[in-house]
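K.L.:
For reference, the sequence and a predicted model appear below.
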Amino acid sequence: YFHQQKKYIAMAIVFGFFLGTKQYAFLFLPLIWQLMIGNRKKLIFSILICLTIISPFVFWNWKDFYNDAVLLQFKFPVRYDGLTFTSFLHNEFKIIFPTVFQIIIWSTGFVFLYFTKQKWNNERIYLANFIFIFIFFFFNKWAFGNYYYLLSSFFLLILVLKDDVNALRNK
């Protein structure tokens, strides 16, 4: 929204807070990177806001912060009660989906969505990021309703911005 309104400082502030408070906000980095081309200072500003938010926790106890915010994501086992392809395979067919396949799917999706030679416009950037995050969540070891709620909200925002962009083009 702030990008469409050309309010890049507000966009940088919101993204900085998002990046500092949600562990999976890094998935939005390709979107923010594309939207802030030519505004790299604002991207750095976002990262500084993020660092400001997390720094008290880092200084308070670096080891616990690292264990709880970073390593925890890798230590936790697969949750078979999640809304993922991994859970589906396990619950329906007793098949264990190897992590290496998840990484291959994420990487392939990332390369296909961001490095294909297509015309980049805001709509393409938004949609590519939506699809990549969906792939990441769906082919992960856990994802629940709140993950897909975030995605559905992002998709609704894409639809609103698409209509807004089309209205501006028709004027």
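P.N.:
Perfect, I can see it now.

K.L.:
For the residue nearest the centre of the chain, give me its contacts.
P.N.:
Nearest residue to the geometric centre of the chain (CA atoms, centre = their mean): Leu27, 2.6 Å. With contacts defined as CB atoms under 8 Å, 6 or more residues apart in numbering, Leu27 is in contact with 129, 132-133, 136. Using the backbone N, CA and C atoms, a C-beta is placed for each residue, glycine as well.

K.L.:
Neighbour-wise, which one of those leads?
P.N.:
Asn129 (23 neighbours; other CB atoms under 10 Å).

K.L.:
quick one: contacts for that residue?
P.N.:
27-28, 30-31, 154.

K.L.:
can you check Phe2 too?
P.N.:
Contacts of Phe2 (CB under 8 Å, 6+ apart): 8, 10-11, 14.

K.L.:
do the same with Phe139
P.N.:
Phe139 touches 84-86, 101-102, 105-106, counting by CB under 8 Å, 6+ apart.

K.L.:
now it, nearest residue through space, not along the chain?
P.N.:
Ile105 (4.7 Å; CB to CB, 6 or more residues apart in numbering).

K.L.:
Measure how far the strand or helix carrying the one you found is from the centre of its chain, please.
P.N.:
If you go by DSSP states H and E, Ile105 is part of helix 99-114. Between the centre of helix 99-114 and the centre of its chain there are 14 Å (CA atoms, centre = their mean, to the nearest Å).

K.L.:
ok, Lys75 to Leu27 distance?
P.N.:
20 Å (CB to CB, to the nearest Å).

K.L.:
Please apply the same query to Ser153.
P.N.:
Distance from Ser153 to Leu27, by CB to CB: 14 Å.

K.L.:
got any ranges where the chain has weak pLDDT?
P.N.:
When residues are selected by pLDDT under 70, those of the chain lie in 38, 163-171.
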